[in-house]
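Q: sequence-free structure coming up:
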């Protein structure tokens with residue numbers, strides 16, 4: 001038997017198919033090509049992607065921030081995080097009353113010695129869920145500026161998918177993982193130590209995944225009776241993971257509420273569902289093709305909304321894989337997501353782990369006022385401007401940090417300007433008289449760092465991983 005010819009069968013040329021017509025050959029080639037596995041552009045890395053978007057490191061300042069341990073919050077789980085303590089709120093019309101929430105469904109009265117339950121969500125809302133984590137649960141809450149008169153306050157919480165018909169949804173071919181719900185509560189007695197009263201739903205919104213939901217609701221504390229903003233509720237809504245799951249069109253429009261900060265009038269009724277009002281001064285209130293609730297947009301996860309003493313609305317935006325942001329929020333502006341992350345291009349149709357140089361791109365997107373990349377941290381934890389006089393070295397500084405590694409950072413509030421990035425600096429930490437860091441204290445790589453501001457402008461820092469609460473007591 002003759003030996004088999006020695007050649008690589010993969011190099012055999014395709015026959016010329018002389019017996020086939022040209023159109024038949026093209027059809028055959030099209031069929032073969034259609035059966036080939038094509039690379040998924042969302043998995044392919046581009047050689048133009050920036051490996052280190054912000055090469056300049058955050059400068060370590062000469063300031064040492066002194067912290068005093070107060071107490072440990074009640075554990076709401078026997079697994080880390082032990083207490084998902086999250087949002088601190090001061091009552092507008094009685095600043096002596098301070099509250100702190102746990103994402104697992106409890107709103108507490110806060111003082112520097114203990115937490116006392118005010119409202120237990122698990123008992124009040126049977127549909128409420130706080131799993132699978134990643135900010136699900138009792139996302140945020142806000143007391144009406146005239147709470148002591150009208151007894152009204154508001155909450156954002158998560159429920160299972162299809163609990164009820166959503167007011168904001170998308171094509172039914174796209175998965176709904178859960179819903180976020182905005183609720184108005186009316187207490188029978190605003191002076192009571194625990195809540196008793198009624199609730200009504202304002203709206204609910206579907207989310208593609210469990211991440212980046214309705215993270216923040218807040219009233220502008222600087223507004224007074226008669227001001228345009230008085231009694232209007234701001235609502236930070238993330239993209240719900242739409243971009244990362246291949247549906248960037250859900251969160252890339254002024255006609256939808258995702259990736260936006262909304263502003264509504266809870267006392268009004270001109271919304272589509274009639275449960276709240278759309279302020280006439282909203283930028284798109286009079287455009288039928290737009291979502292009239294939208295105040296500004298272009299955020300992946302507008303995790304916190306805070307008004308500085310000089311009236312700036314500061315919106316923190318937790319980034320994807322590269323950049324964390326602080327933004328100055330203004331009516332009608334677009335901050336770029338899902339086509340910008342910080343001052344860089346990101347491509348939702350490609351691999352979103354990469355960002356690219358703008359290279360002179362002059363779009364209408366608004367730049368952040370401060371940013372850092374993931375050499376320095378992984379998720380921004382928004383903070384507050386120090387307004388007391390007891391610690392002169394902190395006066396006028398916006399103090400914030402990183403959720404994961406527990407670094408505590410600052411920028412000068414006067415340097416936070418619309419669309420102009422400013423430098424960030426890092427504090428050295430002295431905790432209970434010892435130079436230390438939160439990763440070491442928590443004994444975990446993720447500290448789950450959060451910030452709160454009390455009745456007189458005091459700043460508190462707490463770590464959800466172990467539930468410990470600290471007070472800023474000095475700086476030198």
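A: Great, that's in hand. Keep in mind that what you see is a predicted model, and the values were worked out from it rather than measured.
Q: which residue is nearest the middle of this protein?
A: residue 303 (2.6 Å; CA atoms, centre = their mean).
Q: for that residue, which residues are in contact?
A: Residue 303 makes contacts with 135, 215, 216, 236, 238, 316, 317, 318, 380, 382, as judged by CB atoms under 8 Å, 6 or more residues apart in numbering. Bear in mind the C-beta positions are built from the backbone N, C-alpha and C, glycine included.
Q: repeat that with 10 Å
A: The contact partners of residue 303, by CB atoms under 10 Å, 6 or more residues apart in numbering, come to 135, 139-140, 212, 215-216, 236, 238, 315-318, 324, 379-382, 403.
Q: and for residue 288?
A: If a contact means CB under 10 Å, 6+ apart, then residue 288 has residue 255 as its contacts.
Q: wait, residue 136 sits on residue 238?
A: No: look at residue 136 against residue 238 with CB atoms under 10 Å: they stay out of range, at 11.8 Å.
Q: name the helices or strands packed onto the longest strand along the chain?
A: Longest strand in the chain, counting residues (DSSP state E): strand 59-72. Taking 3 or more CB pairs under 10 Å, 6 or more residues apart in numbering; DSSP states H and E as the contact definition, the neighbouring helices and strands of strand 59-72 are strand 397-402, strand 408-412, strand 425-431, strand 459-463, strand 468-475.
Q: now with 6 Å?
A: Other helices and strands packing on strand 59-72, by 3 or more CB pairs under 6 Å, 6 or more residues apart in numbering; DSSP states H and E, are strand 425-431, strand 468-475.
Q: mean confidence for the first one?
A: Regarding strand 425-431, the rounded mean pLDDT is 98.
Q: cool, stretch 313-331 as well?
A: Per-residue pLDDT values across stretch 313-331 average out to 98.
Q: next, the distance between the ends of that stretch.
A: With CA to CA, to the nearest Å as the measure, stretch 313-331 spans 10 Å from end to end.
Q: that stretch: how far from the chain's middle?
A: How far stretch 313-331 lies from its chain's middle: 8 Å, per CA atoms, centre = their mean, to the nearest Å.
Q: so which bits of it are buried?
A: 313-320, 322-330 (16 or more other CB atoms under 10 Å).
Q: stretch 282-295 now?
A: Judged by neighbour count (16+ other CB under 10 Å), stretch 282-295 contains these buried residues: 282, 283, 284, 285, 290, 291, 292, 293, 294, 295.
Q: would the last one count as being in a strand?
A: Yes: counting by DSSP: H, G, I helix; E, B strand; the rest coil, one finds residue 295 located in a strand.
Q: make sure it is actually in contact with residue 257.
A: No: under the criterion of CB atoms under 6 Å, residue 295 makes no contact with residue 257, lying 10.5 Å away.
Q: tabulate the helices and strands packed on strand 59-72 (a markdown table), appending mean neighbour count.
A: As requested, the helices and strands packed on strand 59-72 are arranged in a markdown table below (neighbours: other CB atoms under 10 Å):
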| stretch | mean neighbour count |
| --- | --- |
| strand 425-431 | 19 |
| strand 468-475 | 19 |
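Q: including distance to residue 272, could these go into a markdown table?
A: Putting the helices and strands packed on strand 59-72 into a markdown table (distance: least, CB to CB, whole Å) gives the following:
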| stretch | distance to residue 272 |
| --- | --- |
| strand 425-431 | 46 |
| strand 468-475 | 42 |
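Q: which stretch among these comes nearest residue 448?
A: Distances from residue 448 to each of those were compared using CB to CB; the minimum, 10.7 Å, belongs to strand 468-475.
Q: any idea of the mean pLDDT for stretch 297-306?
A: Mean pLDDT, computed over stretch 297-306, is 97.
Q: sorry, wrong one. I was asking about stretch 159-170.
A: Over the span of stretch 159-170, the pLDDT mean works out to 96.
Q: picking up where we left off before, which of the residues in whichever strand or helix holds the residue nearest to the centre of the chain are buried?
A: When elements are defined using DSSP states H and E, residue 303 is found to belong to strand 302-307. The neighbour-count check on strand 302-307 (16+ other CB under 10 Å) flags 302, 303, 304, 305, 306, 307 as buried.
Q: so can I have JSON lines of those residues showing distance to residue 127?
A: Written out in JSON lines, the entries for the buried residues of strand 302-307 read as follows (distance: CB to CB, whole Å):
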{"residue": "302", "distance to residue 127": "25"}
{"residue": "303", "distance to residue 127": "24"}
{"residue": "304", "distance to residue 127": "26"}
{"residue": "305", "distance to residue 127": "26"}
{"residue": "306", "distance to residue 127": "30"}
{"residue": "307", "distance to residue 127": "32"}
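Q: which residues touch residue 127?
A: With contact set as CB atoms under 6 Å, 6 or more residues apart in numbering, residue 127 has these partners: 159, 163.
Q: that older thread, out of the helices and strands packed on strand 59-72, nearest to residue 343?
A: Of all the helices and strands packed on strand 59-72, it is strand 425-431 that lies closest to residue 343, at 19.0 Å by CB to CB.
Q: before we move on, the earlier item: tell me the strands beside the longest strand of the chain, with direction?
A: strand 425-431 (parallel), strand 468-475 (antiparallel) (DSSP bridges).
Q: so for residue 271, which of these sits nearest?
A: Taking CB to CB, strand 468-475 is the member of the strands paired with strand 59-72 nearest to residue 271, at 38.3 Å.
Q: what are the contacting residues of the closest one?
A: Outside strand 468-475, the residues that touch it by CB under 6 Å, 6+ apart are 63, 65-72, 391, 393-394, 459-462.
Q: now the buried members of those.
A: In terms of neighbour count (16+ other CB under 10 Å), the buried residues within the contacts of strand 468-475 are 63, 65, 66, 67, 70, 72, 391, 394, 459, 460, 461, 462.
Q: what distance do you get for the fifth one to residue 107?
A: The one in question is residue 70. For residue 70, the distance to residue 107 (CB to CB, to the nearest Å) stands at 19 Å.
Q: what about the closest residue in space to residue 302 that isn't next to it in sequence, how many residues nearby?
A: In this structure, residue 302 finds its nearest non-sequential neighbour in residue 236, 3.6 Å apart by CB to CB, 6 or more residues apart in numbering. Residues within reach of residue 236, counting by other CB atoms under 10 Å, total 29.
Q: got a pLDDT number for residue 236?
A: The score at residue 236 is 98. That number is its pLDDT.
Q: quick one: residues contacting it.
A: So residue 236 contacts 215, 216, 261, 302, 305 (CB under 6 Å, 6+ apart).
Q: picking that back up, with neighbour numbers in mind, choose between residue 136 and residue 238.
A: residue 238 (27 against 24).
Q: residue contacts, the more buried one?
A: Listed by CB under 6 Å, 6+ apart, the contact partners of residue 238 are 212, 301.
Q: and the gap between it and residue 244?
A: Here residue 238 is placed at a distance of 11 Å from residue 244 (CB to CB).
Q: again with residue 473
A: Distance from residue 473 to residue 244, counting by CB to CB: 41 Å.
Q: for residue 348, same thing?
A: Between residue 348 and residue 244 the distance, using CB to CB, works out to 8 Å.
Q: ok, residue 55 next?
A: In this view, residue 55 and residue 244 are 26 Å apart by CB to CB.
Q: neighbour count winner among those two?
A: Relative neighbour count places residue 244 above the other of residue 55 and residue 244, with 21 against 9, counting by other CB under 10 Å.
Q: lovely, talk soon.
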